[in-house]
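Q: only geometry, no sequence info:
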């Protein structure tokens, strides 16, 4: 197969663009595809009261320095039980409080997270034609993650590509095609609908968890979506696309002329809500057991005005 060119990427971005579709000042993109009735219907999928947390353990050392200078979470205790029982917190009088307190330092894209629509630029533009210069040292004036804060709820669908393929994990470099997505959904007996949050499982993250080796996970070779799936996303009018991988799309990329070419299209042109590094092991096992691959999904970001992303702990409720 011929490699993508820069011209192919620009042509696809223009063809699939949602700029102006929901108004000139729209800042939520494909989340516009979710109606209030969709949320009511999604709530009706809760039958058993089972809740699955889809956030990866924040203390996993997933960052290996391959991309963007991101680091692993730093968790610092500001006050401990040792402080308490040693009397450090008692002061000079009787009115004291013994407590534990702590702080964290982590990149917004450092673990399970949403990418904001200001996260990826297409040359000097963001989604809906906003200028890349709207993102300053003080954060994004447009398309910040705060626009997602009350939008991340609806019908979730798991596409367990690895299990459907009969493997624990897809091989690095395996490109998931439109045909794969459709065939997996058909095999699972689940329909992809407008406004869905589609979550696909490659097994890549579980491979790293099992081995304890995260080398290459964040920015290295990985299974993921082929460039052509940008058309699948637009055709199905889904609200969000999420994965258990670091970057959703296949690596090595399908071109030598751009880094993460699929990102160039799906975020700044289509305006998709993208979730990465989702922990899917227990959810996938349960779906395989009961044959139910749809659920109420909710994953609000932190209310961080101007943020280019946000850590999350998504919930799938069955």
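A: That came through fine. Here the structure is a predicted model, which is why all the values come from computation and not from measurement.
Q: care to break the chain down by domain?
A: The chain breaks down into these domains under automatic domain parsing: 6-68+107-317, 74-105.
Q: so which of the ones you listed is the most packed in?
A: domain 6-68+107-317 (a mean of 19; mean count of other C-beta atoms under 10 Å). C-beta coordinates here come from the backbone N, C-alpha and C atoms, glycine included.
Q: just the terminal-to-terminal distance for that one.
A: 41 Å (C-alpha to C-alpha, to the nearest Å).
Q: what segments of the stretch 201-318 of the chain are strands?
A: 224-225, 240-243, 273-276, 294-298, 309-311, 315-317 (DSSP state E, counting those that start in this stretch).
Q: possible to save these as JSON lines with distance to residue 107?
A: Formatted as JSON lines, the strands of the stretch 201-318 of the chain follow (distance: least, C-beta to C-beta, whole Å):
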{"stretch": "strand 224-225", "distance to residue 107": "20"}
{"stretch": "strand 240-243", "distance to residue 107": "18"}
{"stretch": "strand 273-276", "distance to residue 107": "12"}
{"stretch": "strand 294-298", "distance to residue 107": "23"}
{"stretch": "strand 309-311", "distance to residue 107": "8"}
{"stretch": "strand 315-317", "distance to residue 107": "22"}
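Q: ok so, going back, lowest average pLDDT across the domains of the chain?
A: Mean pLDDT across these is lowest at domain 74-105; the value there is a mean of 91.
Q: how about the helices in this protein?
A: Secondary structure of the chain (DSSP state H): helices at 6-16, 36-43, 81-85, 161-165, 178-188, 204-211, 229-236, 261-265, 281-290.
Q: now those as TSV including distance to residue 121?
A: Shown next, in TSV, are these (distance: least, C-beta to C-beta, whole Å):
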stretch	distance to residue 121
helix 6-16	12
helix 36-43	30
helix 81-85	46
helix 161-165	29
helix 178-188	26
helix 204-211	27
helix 229-236	17
helix 261-265	9
helix 281-290	33
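Q: my read is that residue 276 contacts residue 243, right?
A: Yes: proximity of residue 276 to residue 243 meets the contact threshold set by C-beta atoms under 8 Å, at 6.1 Å.
Q: out of the strands of the stretch 201-318 of the chain, nearest to residue 59?
A: strand 309-311 (12.6 Å; C-beta to C-beta).
Q: counting contacts, what elements does the closest one pack onto?
A: When contacts are defined as 3 or more C-beta pairs under 8 Å, 6 or more residues apart in numbering; DSSP states H and E, strand 309-311 packs onto strand 113-115.
Q: what pairs with the strand it packs on, parallel or antiparallel?
A: Sheet partners assigned to strand 113-115 using DSSP bridges are listed as strand 273-276 (antiparallel), strand 309-311 (antiparallel).
Q: what does the last one rub up against?
A: Taking C-beta atoms under 8 Å, 6 or more residues apart in numbering as the criterion, the residues outside strand 309-311 that touch it are 55, 58, 106, 108-116, 119, 145, 148, 301-302, 304.
Q: then the longest one?
A: Strand 273-276 has contacts (C-beta under 8 Å, 6+ apart) with 28-31, 109, 112-115, 148, 151-152, 197, 199, 239-243, 245-248, 266-267, 299, 312, 314.
Q: residue contacts, the nearest residue to residue 66 once chain neighbours are set aside?
A: Nearest residue to residue 66, sequence neighbours excluded (C-beta to C-beta, 6 or more residues apart in numbering): residue 219, at 3.2 Å. Neighbouring residues of residue 219 by C-beta under 8 Å, 6+ apart: 64, 66, 67, 68, 246, 247, 251.
Q: now those residues in TSV, with distance to residue 51?
A: Listed next are these as TSV, based on distance: C-beta to C-beta, whole Å:
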residue	distance to residue 51
64	31
66	33
67	32
68	32
246	25
247	27
251	32
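Q: out of those residues, which comes closest to residue 131?
A: The shortest approach to residue 131 among the contacts of residue 219 belongs to residue 68, at 21.7 Å (C-beta to C-beta).
Q: for residue 120, see how far away that closest one is.
A: Applying C-beta to C-beta, to the nearest Å, the value for residue 68 to residue 120 is 12 Å.
Q: for the chain, which strand is longest?
A: strand 153-160 (DSSP state E).
Q: give me the residue at the spatial middle of the chain.
A: What sits nearest the mean C-alpha location of the chain, by C-alpha atoms, centre = their mean, is residue 275, with 0.9 Å.
Q: test my guess that residue 130 contacts residue 144.
A: No: between residue 130 and residue 144 there is no contact, the gap being 10.9 Å when judged by C-beta under 8 Å.
Q: which one is residue 177 nearest to, not counting chain neighbours?
A: residue 226 (5.1 Å).
Q: in contact with the one you found, which residues?
A: So residue 226 contacts 175, 176, 177, 178, 249, 250, 254, 262 (C-beta under 8 Å, 6+ apart).
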